[in-house]
Structure formats: structure tokens, C-alpha cells
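3D model of this:
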Amino acid sequence: MKFSKGVKCLDCNLKCDIYKAVIECGADLDEVKPLHVIYKKHENISKQGRPVSHAIYVVDGSAKLYIEGLNNRNIILYILKPQSYIGLLSFFESPFYSYSVSALEETQICMIDLDFIKKLYLQNHDFLIRLNKAFGKSVSSIMNKIITLNQKNIRGRVAESLLYLSSLNNSEKFSIFLTRKELGELSAISEENTVRLLTEFRREGIIDLNGKELHILDKKLLQKISEVG
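Take a look at the predicted model:
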């Protein structure tokens with residue numbers, strides 16, 4: 001973990017919702033006091049059970065949001081990319097994180113004091129709507145994950161995970177930045193079953209896999225497997 005000193009909102013290229021809300025309110029940007037932190041791959045950004053003190057915004061890189069289960073059996077709920085919030089679920093409900101977040105690669109985040117965010121939330125109607133939409137998106141992702149785990153077999157789960165990663169990368173050919181174990185956690189199955197199913201999909205001509213480079217060759221069939229799995 002490395003802190004970037006002296007970074008101000010005006011220095012950031014994203015100009016996120018928080019920046020826009022401050023400008024719309026006519027407030028002083030110096031009130032924001034953002035704290036930029038760079039995390040190395042695998043470092044914890046937030047930890048399940050620990051208190052929430054800041055709203056966290058992903059500026060660069062990617063991270064996994066997951067539930068820590070018993071005996072190190074984790075379930076990845078979704079992947080966070082730039083312009084994603086961390087902590088919204090806790091902002092609306094609990095003062096403690098109900099999940100953990102770890103960097104999948106070198107990841108830069110921006111931390112804003114939670115009390116300042118709550119102040120903006122009450123003062124700016126557009127910011128309230130944008131934050132609610134982001135919150136709703138998080139809840140929708142979790143609900144879809146619950147349906148998948150409850151109704152689909154392991155073949156359908158892996159198919160859905162591959163389609164999810166394809167959508168995340170906006171391409172049918174992409175690098176899998178997850179380990180096989182993490183891909184299994186995204187599908188809530190063992191690493192062994194993940195490797196076996198990837199081999200099956202490759203043998204069936206559905207995907208091509210070379211190291212971390214994956215190419216979906218038959219997207220329609222993969223979607224069908226996901227739907228009926």
C-alpha cells in the first residue's frame with residue numbers, strides 16, 4: 001500500500017460523481033480532502049467485519065469484491081473496475097464491511113470521508129440519484145449471483161462467469177486476470193472443477209485458452225449453457 005500525497009480533485013482525470021456534486025453545490029473542492037492510495041496485487045483494500053470510515057472509489061486497476069467463507073472458501077460477488085464505488089452497501093446499512101475487497105492488479109483508489117459523502121447526499125438531489133443507482137447496481141449483481149448459485153449447475157456457473165468477464169472486458173477475446181482458484185470462487189466451485197470445465201469447453205470448441213488468454217469461439221452456445229445450466 002502506497003499513499004499518493006498532495007493529490008487533489010482538480011488533478012484527477014476522472015472527475016467523478018463526488019467532484020460533480022461539489023461543483024454543483026458551489027462548495028469548495030478543498031473540503032473534499034481526497035486520499036489516493038495505490039495497492040499492490042492481492043493487497044486488501046477493505047476487510048470483512050472491519051468498520052467503514054470512507055467511501056472508496058476505484059480510479060485505476062481492478063479488484064474483487066467477495067464474501068469470506070469458512071475454511072477459506074470464498075465467493076467472489078463481482079469485479080470492480082474504474083469508476084466503481086466500494087462501501088456503498090455499508091453506507092446505506094451497516095457501519096461494518098459485510099465483504100472484503102482485494103486488488104487483482106496494481107489498483108489506485110480514492111478515499112473520501114464518509115461524513116462528507118453523507119453531507120453531499122443530503123444536499124445534492126442529482127448526486128443522491130447517482131449514488132442510489134450505483135447502490136442498486138450492486139444489489140442487482142448480488143441478487144443475480146444468488147439466483148445463479150441456487151439454480152444453476154457448475155457447468156452453467158462457469159459459462160456465466162466467462163460471459164461476465166467477456167462483458168467486463170467488452171470483448172470475446174481477453175486476458176483472464178483471475179487465477180483458476182479465483183475463477184472458481186467467481187463460480188462458487190472448486191479450482192479442480194474449474195480447470196476440468198475449462199478443458200471441456202475447450203475440447204468442445206466453445207473457447208480457446210492459451211495461458212491467461214481466452215477467446216470465446218461460440219458465444220451463442222456458451223449463452224445457452226449459462227441459461228439452461
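
how is the chain divided into domains?
The record's domain parsing of the chain by automatic domain parsing lists 2-133, 150-228.

those domains into a markdown table, with extra columns for mean pLDDT and distance to residue 141?
Every C-beta, even on glycine, is put in place using the N, C-alpha and C of the backbone. Shown next, in a markdown table, are those (pLDDT from 0 to 100; distance: least, Cβ to Cβ, whole Å):
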| stretch | mean pLDDT | distance to residue 141 |
| --- | --- | --- |
| domain 2-133 | 86 | 5 |
| domain 150-228 | 95 | 9 |
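
dump those to CSV, plus mean neighbour count and distance to residue 139.
Formatted as CSV, the domains of the chain follow (neighbours: other Cβ atoms under 10 Å; distance: least, Cβ to Cβ, whole Å):
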stretch, mean neighbour count, distance to residue 139
domain 2-133, 16, 8
domain 150-228, 17, 16
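
for residue 142, which of those domains is the nearest?
Comparison of the domains of the chain against residue 142 by Cβ to Cβ identifies domain 2-133 as nearest, at 5.6 Å.

quick one: the strands in this protein?
In the chain, the strands defined using DSSP state E lie at 2-4, 35-39, 44-46, 54-60, 63-67, 75-80, 85-86, 100-103, 107-113, 173-175, 207-210, 213-216.

in TSV, list those strands along with distance to residue 195.
Shown next, in TSV, are those (distance: least, Cβ to Cβ, whole Å):
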stretch	distance to residue 195
strand 2-4	34
strand 35-39	28
strand 44-46	26
strand 54-60	29
strand 63-67	19
strand 75-80	17
strand 85-86	30
strand 100-103	22
strand 107-113	26
strand 173-175	18
strand 207-210	10
strand 213-216	13
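
is it true that residue 214 touches residue 206?
No - with contact defined as Cβ atoms under 8 Å, residue 214 and residue 206 do not form a contacting pair (10.8 Å).

in the sheet, who's paired with the residue positioned nearest the centre of the chain?
By Cα atoms, centre = their mean, the mean C-alpha position of the chain lies nearest to residue 80, the distance being 2.2 Å. Beta-bridge partners for residue 80, by DSSP bridges, are residue 63.

state which helix of this structure is the longest.
For the chain, the longest helix by residue count, based on DSSP state H, is helix 125-151.

list the contacts of residue 87.
When contacts are counted by Cβ atoms under 8 Å, 6 or more residues apart in numbering, residue 87 touches 46, 52, 54-56, 97, 114.

please read the previous query as pertaining to residue 209.
198, 202, 215.

those into JSON lines, with extra columns for distance to residue 14?
Listed next are the contacts of residue 209 as JSON lines, based on distance: Cβ to Cβ, whole Å:
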{"residue": "198", "distance to residue 14": "35"}
{"residue": "202", "distance to residue 14": "38"}
{"residue": "215", "distance to residue 14": "31"}
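
before we move on, the earlier item: would a markdown table of the contacts of residue 87 with distance to residue 1 be doable?
Below are the contacts of residue 87 laid out as a markdown table (distance: Cβ to Cβ, whole Å):
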| residue | distance to residue 1 |
| --- | --- |
| 46 | 12 |
| 52 | 18 |
| 54 | 14 |
| 55 | 18 |
| 56 | 13 |
| 97 | 17 |
| 114 | 19 |
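
of those residues, which is the nearest to residue 143?
Looking across the contacts of residue 87 and measuring by Cβ to Cβ, the closest to residue 143 is residue 97, at 19.3 Å.

hmm, back to that, do you know which of the strands of the chain lies nearest residue 155?
Closest to residue 155 of the strands of the chain, according to Cβ to Cβ: strand 207-210, at 12.8 Å.
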